[in-house]
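> Return atomic coordinates for the entry below.
(chains A and B)
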Amino acid sequence: MARVQVRVQVRYFATLREQLGDGGARRVRAGTTVGAVWEGVLAERPGLRRLQVRFAVNEHYVEADRVLQDGDEVAVFPPVSGGC
Amino acid sequence: MYEITEQPIDVGRVAAAVGDPEAGAVATFVGTTRRTNEGRSVTKLEYEAHVTMARQEMRRLAARARRRWPIRKVAMVHRIGVVPLGEASVAIAVSAPHRGEAFEACHWLIDRLKEIVPIWKKEHYRGGTVWIGAQRGGPPRPHRTARTARRDLP
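Modelled structure (predicted):
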């Protein structure tokens, strides 16, 4: 039988980490996309909507429509600014 | 060599890592922390990374560079944590048979690193702090004067 829920690990970085904390484990309905998880955060923190974010799942950049699997690590990134 | 480190970067070690008997050129790029950004006087700089993914993305960039240019070896090191002003925050070395492709690949790698690799810079000023890049998509950037910039800090 298909899972009803999947368990994912969410991680925030830089300004998002300062505003939301490190993240942590959460359960979401099977079939949930990475974008939907972020929309759930934005519903509570609409001020973050102005920030351009990118998503990574298991250390690969993905689009917002990526469906989450059990055990995925979901990272939400503000615009990167490494270098010098 | 693809590293994220909290220690000072040994540029000689980065260049040595790409040594290759088939190479006639080693191009290096060293990025250093600058005191002034957009008119603001920086007192402290720090970097944060998704460390394991940043290393992976550096490897992926090197693989892409190898498909574009006939280069031999690549090394990329980025420092995180507090980096004192004037010290290296990033170093890239590329070896190649000839200097043209070494220079081009090195230039391309630092440009892509700044766009893709999950690393963030936080600047501290007397009046506050700013995560660089986090203003994108938001209100217009502050004018290039220290006074205006300080007033606009979050």
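> and the one helix or strand B:Arg13 maps to, what other elements does it pack with?
Assessed by DSSP states H and E, B:Arg13 sits inside helix B:11-16. Contacts defined by 3 or more Cβ pairs under 8 Å, 6 or more residues apart in numbering or on different chains; DSSP states H and E place helix B:11-16 against strand B:25-32, strand B:73-79, strand B:88-96. Placement of C-beta: from N, CA and C, glycine included.
> Where does the prediction get shaky in chain B?
Along chain B, the parts satisfying pLDDT under 70 run over B:136-154.
> Tell me the residues of it that contact chain A?
Contact residues (Cβ under 8 Å from any Cβ of the partner chain) of chain B with chain A: B:31-34, B:47-50, B:52-54, B:56, B:78, B:89-90, B:110, B:113-122, B:131-134, B:136-139.
> Now, those that are in helices?
B:52-54, B:56, B:110, B:113-116 (DSSP state H).
> Buried residues of the helix holding B:Arg13, list them for me.
B:14-15 (16 or more other Cβ atoms under 10 Å in any protein chain shown).
> A:Ala75 and A:Tyr61 touch, don't they?
No. Assessed by Cβ atoms under 8 Å, A:Ala75 is found out of contact with A:Tyr61, at 9.3 Å.
> Which neighbours do those two have in common?
Each of A:Phe55 lies in contact with both A:Ala75 and A:Tyr61 under the rule Cβ atoms under 8 Å, 6 or more residues apart in numbering or on different chains.
> quick one: the helices in chain A?
Going by DSSP H, chain A shows helices at A:15-20, A:34-44.
> Could I have the CA atoms of the shortest one written out in CSV?
Looking back up the chat, that one is helix A:15-20. Written as CSV, here are the backbone C-alpha positions of helix A:15-20 (Å, rounded to 0.1, in the frame of the first residue of the first chain):
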residue,chain,number,x,y,z
THR,A,15,18.9,34.8,6.2
LEU,A,16,16.2,32.1,6.2
ARG,A,17,18.0,30.2,9.0
GLU,A,18,18.1,33.4,11.0
GLN,A,19,14.4,34.0,10.5
LEU,A,20,13.0,30.4,10.6
